[in-house]
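> Next input, structure requested:
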Amino acid sequence: MSTQIFVNLPTTDLERSKEFYRALGCEINPLFTDENAACVVWSEDVFFMVLTREFFATFTDKPIVDPNAQLQTSVSFAMGSREEVDAIMAKGLAAGGAEPIEAQDHGFMYSRDLDDPDGNSLGFLFMEPQAASEGPEAYMEGREES
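Numbering: from 1, shown residues only. Just a heads-up that it's a prediction; the model follows:
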């Protein structure tokens, strides 16, 4: 079974959000984009629905948090290499994103966080393939013996 993922993100400036995600290499699906929302295509199975805060609020009775002040969700993406992590971060930072914490290098995994201009948190990581298949402890033990 194939599952598509739609992540809903609030924005205070829809046009700015569209430009930010385009700068990361995403496309905007015009069939599901209007003055209230934009469908950001990350891949054939992953989409962001960037919604104006007012429109976002119509889908829930819960308060919509300010992602610059509170973290509700962080979406992370596995990349093919450390260089790919750094490259997408460079694009995001140049497009108005922010890096809220320093890069994390755990030996078996390298990760960086990127906040979009609204403060929504995206994570990008590279995990050594051996660590992914054997687990981080086994990978690190193998490196210490070398």
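> Chain neighbours aside, what residue packs nearest to the residue nearest to the spatial centre of the chain?
Nearest to the mean C-alpha position of the chain, by C-alpha atoms, centre = their mean, lies residue 122 at 2.8 Å. Distances taken as C-beta to C-beta, 6 or more residues apart in numbering place residue 114 nearest to residue 122, at 4.8 Å, with adjacent residues excluded. No exception for glycine: its C-beta is placed from N, CA and C like everyone else's.
> State the helix or strand in which the nearest residue to residue 59 once chain neighbours are set aside lies.
Take residue 59 and drop its neighbours on the chain: the residue closest to it by C-beta to C-beta, 6+ apart is residue 8, 7.3 Å away. In this structure, residue 8 sits in strand 5-11 according to DSSP states H and E.
> Now the element after that strand, going C-ward?
With DSSP H and E, the next secondary element past strand 5-11 is helix 14-23.
> Name the residues of that following helix that are buried.
14, 16, 17, 18, 20, 21, 23 (16 or more other C-beta atoms under 10 Å).
> just stretch 122-131 next, same as before
122, 124, 125, 126, 127, 128, 131.
> same deal with stretch 49-66?
49, 50, 51, 52, 55, 56.
> For residue 78, give me the pLDDT.
Note on residue 78: pLDDT of 94.
> how many other residues sit next to it?
14 (other C-beta atoms under 10 Å).
> List the contacts of it.
By C-beta atoms under 8 Å, 6 or more residues apart in numbering, residue 78 lies in contact with 125, 126, 127.
> Can you name the residues bridging to residue 48?
residue 7, residue 40 (DSSP bridges).
> Hmm, I typed the wrong one, I wanted residue 109.
Bridge pairing for residue 109 (DSSP bridges) gives the partners residue 127.
> re the thing from before, taking the buried residues of stretch 49-66 together, which two end up most distant?
Pairwise distances across the buried residues of stretch 49-66 (C-beta to C-beta) peak at 11.0 Å, for the pair 49 and 52.
> Now do the helices in the chain.
With helices called from DSSP state H, the chain shows them at 14-23, 53-56, 82-94, 129-134, 136-145.
> As JSON lines, those with distance to residue 34 and mean pLDDT would be great.
JSON lines is the format used below for these (distance: least, C-beta to C-beta, whole Å; pLDDT from 0 to 100):
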{"stretch": "helix 14-23", "distance to residue 34": "9", "mean pLDDT": "98"}
{"stretch": "helix 53-56", "distance to residue 34": "9", "mean pLDDT": "96"}
{"stretch": "helix 82-94", "distance to residue 34": "25", "mean pLDDT": "98"}
{"stretch": "helix 129-134", "distance to residue 34": "40", "mean pLDDT": "84"}
{"stretch": "helix 136-145", "distance to residue 34": "44", "mean pLDDT": "76"}
